[in-house]
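Participant: my questions are about this predicted structure, shown below with the sequence.
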Amino acid sequence: MTERIGFIGLGIMGRPMARNLLKAGYPLTVWNRSRPGIDALAGEGAAEASCPREVAERTDVVITMVPDSADVEQVALGAGGIIEAGRPGLVMIDMSTISPAVTRRIASRLAEAGIEMLDAPVSGGDTGAIAGTLSIMVGGSEATLARCRPILEAMGRTITYCGPSGAGQTVKLCNQIVGGLNNLAMCEALVFAVKAGVNPRTVIEAVSGGACTSWAIQNLAPKIVERDFQPGFKVVHQQKDLRLALEEADKRSLPLPGTSLVHQLFAAVEADGLGGEGIQSLVKALEKLAGVRVE
Ligand code: NAP
């Protein structure tokens, strides 16, 4: 039987992910906080619901893709939330990046209403969401993942079982530590190149082809030299992820010196009112310190 899918949160990531489910032939019901997301998907064949509860009433598997822990709590447990449609067999897959501890709390509340929850945050950026090539990190029951794997395969290429509830979010925070520091390394190299009189495009070409290549140098660096700061991934969301990693580390008395530095530099970007820009804006903090512009 084809699973009926619900999708909540149709932003930069949710919209193309929902589109890929439609393309894969799943019947889809959507809800978004504001109209533009709903209109985009309704125009492409998705049905529309009036609240998260109604999405859950009409579907078998509900996916959430909203910003932060409080937002997932709201759509899952708040008034008109998914929990109000609780029944055995209903699954919620949260693909947002949120706190592992909050994830476990939501999962146990949903379980009381008969709902199974997977945490399944993603990596791959907006380009990976559009291409359906995301890396998906899954926490929760392995049996529920087995049931939902074909659904995740419509959105991603690498699906990794990470462990019990919250483990997917923990692995995603590891991913964000790597991504944040790769971004800093790339931005620092571009600023150095300009200061040293080398064309940054030459640096991008050479480094991309060697052992120090990264997603950041291949995807973000070309945007910086074009002075394109449109968001694929917003600074505010990156800051949320780094904050989550630092909070989890703090609970374990674990120093994360590199992550802290990236978080502080992004705070300077936010202080300039640029939290809605893409994460390549990290270079602007370094440009200020160095007194140069990468272009
Ligand atoms: P986004 O473009 O800002 O979209 C966020 C979506 O959540 C919008 O549809 C928004 O509704 C909705 N929303 C916000 N607050 C809500 C609330 N309280 N209740 C219900 N809906 C709410 O963000 P995004 O880039 O798609 O990111 C979504 C999640 O994916 C975040 O956890 C982010 O960290 C993660 N992520 C993003 C990327 C990336 O490259 N962008 C990559 C991997 C993971 P409106 O349309 O009404 O604003």
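Facilitator: Here it is on my side, so go on. None of these values were measured; they are calculated from a predicted model.
Participant: give me the buried positions along the biggest helix by length in the chain.
Facilitator: The longest helix of the chain (DSSP state H) is helix 167-195. For helix 167-195, a neighbour-count test (16 or more other CB atoms under 10 Å) marks 167-173, 175-177, 179-187, 189-194 as buried. For glycine as for every other residue, the C-beta is placed from the backbone atoms N, C-alpha and C.
Participant: can you narrow these to ones near the ligand?
Facilitator: For the ligand, no contacts are drawn from these by CB under 6 Å from any ligand atom.
Participant: what's the following helix or strand after the longest helix of the chain?
Facilitator: helix 200-208 (DSSP states H and E).
Participant: neighbouring contacts of the helix or strand just after that next one?
Facilitator: As assigned by DSSP H and E, the chain's next helix or strand after helix 200-208 is helix 215. Contacts to helix 215, defined as CB atoms under 8 Å, 6 or more residues apart in numbering, come from residues 125, 179, 182.
Participant: try stretch 119-137
Facilitator: 12-13, 16-17, 20, 93-98, 100, 103, 107, 138-140, 152, 154-160, 162, 165-169, 171-172, 175, 179, 215, 219, 232-233.
Participant: can you list the domain ranges for the chain.
Facilitator: 5-164, 171-290 (automatic domain parsing).
Participant: could you single out the most deeply buried of these?
Facilitator: domain 5-164 (a mean of 20; mean count of other CB atoms under 10 Å).
Participant: redo the domains of the chain as a markdown table? Include mean pLDDT.
Facilitator: Formatted as a markdown table, the domains of the chain follow (pLDDT from 0 to 100):
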| stretch | mean pLDDT |
| --- | --- |
| domain 5-164 | 97 |
| domain 171-290 | 98 |
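Participant: about what we covered before: out of the contacts of helix 215, who's nearest the ligand?
Facilitator: residue 125 (4.1 Å; CB to the nearest ligand atom).
Participant: all strands for the chain, in order.
Facilitator: 5-8, 28-31, 47-48, 61-64, 91-94, 116-119, 122-123, 134-139, 156-163 (DSSP state E).
Participant: picking that back up, would you mind giving the contacts of helix 215 as a markdown table with distance to residue 66 added?
Facilitator: Shown next, in a markdown table, are these (distance: CB to CB, whole Å):
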| residue | distance to residue 66 |
| --- | --- |
| 125 | 17 |
| 179 | 20 |
| 182 | 26 |
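Participant: now whichever residue of the stretch 151-295 of the chain sits closest to the ligand. Nearest residue, chain neighbours left out?
Facilitator: Across the stretch 151-295 of the chain, the shortest distance to the ligand (CB to the nearest ligand atom) belongs to residue 233, at 3.3 Å. Leaving aside its sequence neighbours, residue 233 sits nearest to residue 279 (CB to CB, 6 or more residues apart in numbering; 5.1 Å).
Participant: please name the bridge partners of residue 139.
Facilitator: Note on residue 139: beta-bridge partners by DSSP bridges are residue 119, residue 163.
Participant: how close does it get to residue 98?
Facilitator: 11 Å (CB to CB, to the nearest Å).
Participant: are stretch 222-230 and the ligand in contact anywhere?
Facilitator: No. Stretch 222-230 is not in contact with the ligand by CB under 6 Å from any ligand atom; minimum separation 11.5 Å.
Participant: no further queries at this time; thank you.
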